[in-house]
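Novice: Below are the sequence and a predicted model; questions follow.
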Amino acid sequence: MNPDAQLSYLKLSRMLQDPELIIRQSGSDIIPLTVTGTRYIDSGPRLICMGVMMSCMWGVSYDIIEKRSKKLLRRMVQHP
């Protein structure tokens, strides 16, 4: 149904197959891709997980910055 997709299909067909074979197959129909979409609510768990991961990364980076400003990070590196 999409003209850009049809053009891409024809270009790929030419690259992958012989030109004579494309001429013979030109009568074949291009079947449109019909995929049902997902609902917004289905992405809820993904959004929650991303929020938890971003909070963890923010917490770790804030802790490192705070220790560096108090010069504790240098002490931790020098003394095991």
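Specialist: Yep, that arrived. Numbering: from 1, shown residues only.

Novice: Report the rounded mean pLDDT for the longest helix anywhere in the chain.
Specialist: What stands out as the longest helix in the chain, according to DSSP state H, is helix 44-69. Mean pLDDT, helix 44-69: 91.

Novice: In terms of secondary structure, what does that helix contact?
Specialist: Applying 3 or more CB pairs under 8 Å, 6 or more residues apart in numbering; DSSP states H and E, one finds that helix 44-69 contacts helix 72-78. Yep, even glycine has a C-beta here, placed from its N, CA and C like the rest.

Novice: buried sites along the longest helix of the chain?
Specialist: Under the neighbour-count criterion of 16 or more other CB atoms under 10 Å, helix 44-69 has nothing buried.

Novice: quick one: it to chain centroid distance?
Specialist: 21 Å (CA atoms, centre = their mean, to the nearest Å).

Novice: How about stretch 58-71?
Specialist: Using CA atoms, centre = their mean, the offset of stretch 58-71 from its chain centre is 30 Å.

Novice: Could I get the CA-only coordinates of it as PDB?
Specialist: The C-alpha coordinates for stretch 58-71 follow below in PDB (Å, rounded to 0.1, in the frame of the first residue of the first chain):
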ATOM      1  CA  TRP A  58      21.000   9.000  39.000                       C
ATOM      2  CA  GLY A  59      21.600   7.800  42.600                       C
ATOM      3  CA  VAL A  60      25.000   6.200  41.800                       C
ATOM      4  CA  SER A  61      26.200   9.200  39.800                       C
ATOM      5  CA  TYR A  62      25.100  11.600  42.500                       C
ATOM      6  CA  ASP A  63      26.800   9.500  45.200                       C
ATOM      7  CA  ILE A  64      30.100   9.500  43.200                       C
ATOM      8  CA  ILE A  65      29.900  13.300  42.700                       C
ATOM      9  CA  GLU A  66      29.200  13.900  46.400                       C
ATOM     10  CA  LYS A  67      32.100  11.700  47.500                       C
ATOM     11  CA  ARG A  68      34.400  13.500  45.000                       C
ATOM     12  CA  SER A  69      33.400  16.900  46.200                       C
ATOM     13  CA  LYS A  70      34.200  15.800  49.800                       C
ATOM     14  CA  LYS A  71      37.500  14.300  48.700                       C
END
